[in-house]
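Visitor: can't give you the sequence, but here's the structure:
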């Protein structure tokens, strides 16, 4: 029954909401000692009290009142204040008083995204010096604990703690966020509060609200299963099993050819190591994304076959469909999520038993990569049998497949669970803006990302009740192999989606990172420069600095070729002119072209009548040498030629 115990522990962790506030705690846990409140906007304050009682809130000389509703919820809005402090924030109701001290008023930023935003200060280049120098009482940090919920919770609870910047508080804080805040403090002498809420490997869909995702048809099945899961995990899993098996049956050549059947002749299948990513361990799969099937056999006694059992595979990158003796036992998505599936009674038999696992990898890594010791059949009596001698066969590359369904309640790769667990609990806390570093996990669907990033802007502005909320986006850094000639690039296409969405929003800014990545490491350690560029974009949106990374304005034909117009003077470093510019014909064929600088223009030579597009730095890891007057790189782009 060990698998049932594990499931119980997992569900307890998943649904355990924050501890309810004590009756004496009138204020929501977001309001603590050392908090920073947003300046120059009305200050929403909320919490819980006895239903029907009046709550009086005071901050300095300002007061406001509210009456608790039938559930005890109350909210009062204090008048806007200029930057300053420290203040005492006090709430009184029915003889109960709660106060928090050392409260400052300044600018508050929410930083969110996946692992490159989560990346801690203790991991950056020059970390010892950076941590030791982190002493600023007016730069306040709030680290939101990881939490994934299938539905929002009505119970108030502590999701993080406010703390002034010290070496101890900064070590595990988001590096990009911290360095952005540090540079803003240097540029503007006012208090800054930073809220970090990130989850490594997360997809953008997991940070959006249910109503927003429900407006997109591809997510409705997943949202229905998620709602069922919130009511009953068993019902949700049953609903999702149908979705999963239908997708594999409809789109996977391996399933269609019966590679899940125990009687299949797999003599021509090649061995594969029992651990490690296939891109690192299997010749021929170094860059493979798509479906690969794995098979292993085990011999069981009659006594073993009669017992309740689970199959354990460890983590699988990214999605799996697992079969035992031709019977589907489970499937999930999540590159670092260990797989444990109950084997239905009557499935195992004395003698030969066949395990077949379809693995779909959507980006990097690939395979059942965890330790070989994790792969086993475990029996109710506590014994186990290791699964060894794995074989593999390629079924289909990713380019031949539609987007797979993702288990909607798995934190990081699900739908809306991170919004429910990490954003919604922040309430309508006053914010200046957001810094967003995410997209690596959505590479491959640039059109979908373009829509969802704009949806995220709208969602979060609504949640924090600030239509003027600044939206800063880190454009994906260079990562992956270099190429000698023009080629399609999913990373470049995702960067273009980020550029288009931010350009369409007058209160959004793009921090370009195309020159500060690491083509061998998806987690570059120079987060100081990422933070500096985010801070510059924040200052630009306030009119404090001129435009930073040069943006193309137009691409027009001229007698000399194609002229790309910029808004500021440009410099090409290390060459006689800019490199990385391409022209593309209507059929999609692109070629590098010679470029020269002409004031604020880049002139592309050798244009043909059939050219319809111009591109710049269009590759996973392009070589880019074009910079603006602030010493920041020009933005990679793709544009129609007029």
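Guide: Everything's here; your move. Please read these numbers as outputs of a predicted model, since none were measured by experiment.

Visitor: what residues are up against residue 165?
Guide: 134, 135, 136, 137, 139, 140, 141, 178 (C-beta atoms under 8 Å, 6 or more residues apart in numbering). Quick note: C-beta positions are derived from backbone N, CA and C, even for glycine.

Visitor: okay, it: pLDDT?
Guide: Note for residue 165: predicted pLDDT of 98.

Visitor: Name whatever forms a beta bridge with it.
Guide: Here residue 165 sits in beta bridges with residue 136, going by DSSP bridges.

Visitor: and the closest residue to residue 379 other than its chain neighbours, how many neighbours?
Guide: Closest residue to residue 379 apart from its sequence neighbours, by C-beta to C-beta, 6 or more residues apart in numbering: residue 307 at 4.4 Å. Neighbours of residue 307 under the rule other C-beta atoms under 10 Å: 16.

Visitor: Skipping adjacent residues, who's closest to residue 371 in space?
Guide: residue 275 (5.3 Å).

Visitor: Ok, residue 583 next?
Guide: Using C-beta to C-beta, 6+ apart and skipping the chain neighbours, the partner closest in space to residue 583 is residue 611 (4.5 Å).

Visitor: residues in contact with residue 612?
Guide: Contacts for residue 612 were tallied using C-beta under 8 Å, 6+ apart; they are 584, 585, 586, 640, 641.

Visitor: Tell me which of the residues you listed fall in helices.
Guide: Residues of these located in helices (DSSP state H): none.

Visitor: could these be laid out in a markdown table, adding distance to residue 199 and neighbour count?
Guide: Putting those into a markdown table (distance: C-beta to C-beta, whole Å; neighbours: other C-beta atoms under 10 Å) gives the following:
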| residue | distance to residue 199 | neighbour count |
| --- | --- | --- |
| 584 | 37 | 19 |
| 585 | 42 | 14 |
| 586 | 42 | 9 |
| 640 | 36 | 9 |
| 641 | 40 | 18 |
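
Visitor: Among those, which one lies nearest to residue 215?
Guide: Set against residue 215, the nearest of the contacts of residue 612 by C-beta to C-beta is residue 640 (28.3 Å).

Visitor: In terms of pLDDT, where does the closest one sit?
Guide: Residue-level pLDDT assigned to residue 640 equals 97.

Visitor: Could you measure from the closest residue to it other than its chain neighbours over to residue 494?
Guide: Counting by C-beta to C-beta, 6+ apart, the nearest residue to residue 640 once its immediate chain neighbours are dropped is residue 613, at 6.0 Å. Here residue 613 is placed at a distance of 17 Å from residue 494 (C-beta to C-beta, to the nearest Å).

Visitor: Could I get the average pLDDT for stretch 202-211?
Guide: 97.

Visitor: for stretch 566-584, same thing?
Guide: Here the average pLDDT along stretch 566-584 is 95.

Visitor: in it, what counts as buried?
Guide: Neighbour counts over stretch 566-584 (16 or more other C-beta atoms under 10 Å) mark 566, 568, 570, 572, 578, 579, 580, 581, 582, 583, 584 as buried.

Visitor: so residue 50 touches residue 73, yeah?
Guide: No - judged on C-beta atoms under 8 Å, residue 50 makes no contact with residue 73 at a distance of 11.3 Å.

Visitor: Helix, strand or coil: sort out residue 496 for me.
Guide: Three-state call for residue 496 (DSSP: H, G, I helix; E, B strand; the rest coil): helix.

Visitor: and what of the one 5 residues further on?
Guide: Remark: residue 501 carries the secondary structure label helix [criterion: three-state DSSP].

Visitor: where's it relative to residue 453, distance?
Guide: Distance from residue 501 to residue 453, by C-beta to C-beta: 5 Å.

Visitor: and what of residue 93?
Guide: Distance from residue 93 to residue 453, by C-beta to C-beta: 42 Å.

Visitor: so how far is stretch 233-249 off the chain centroid?
Guide: Centre-to-centre, stretch 233-249 and its host chain are 24 Å apart (C-alpha atoms, centre = their mean, to the nearest Å).

Visitor: Tell me the buried residues in that stretch?
Guide: Here stretch 233-249 shows 233, 236, 237, 239, 240, 241, 243, 244, 247, 248 as buried, counting by 16+ other C-beta under 10 Å.

Visitor: Can you tell me which of these end up in helices?
Guide: Among the buried residues of stretch 233-249, the members falling in helices (DSSP H) are 233, 236, 237, 239, 240, 241, 243, 244, 247, 248.

Visitor: What distance do you get for the residue nearest to the second one when sequence neighbours are not counted to residue 566?
Guide: Beyond its immediate neighbours in the sequence, the residue positioned closest to residue 236 (C-beta to C-beta, 6+ apart) is residue 229, lying 2.5 Å away. Distance of residue 229 to residue 566, computed by C-beta to C-beta: 50 Å.

Visitor: related to what we said a few turns ago, which of the buried residues of stretch 233-249 sits closest to residue 552?
Guide: Looking across these and measuring by C-beta to C-beta, the closest to residue 552 is residue 247, at 39.8 Å.

Visitor: Return the distance of that closest one relative to residue 405.
Guide: 5 Å.

Visitor: So for the residue of the chain most remote from its centre, what's the nearest residue that isn't a sequence neighbour?
Guide: No residue in the chain sits farther from the centre than residue 302, which is 46.9 Å out by C-alpha atoms, centre = their mean. Closest residue to residue 302 apart from its sequence neighbours, by C-beta to C-beta, 6+ apart: residue 350 at 4.0 Å.

Visitor: Tell me the strands beside the stretch of helix or strand residue 76 belongs to, with direction?
Guide: According to DSSP states H and E, residue 76 maps onto strand 73-78. Paired strands of strand 73-78, with direction, are strand 43-48 (antiparallel) (DSSP bridges).
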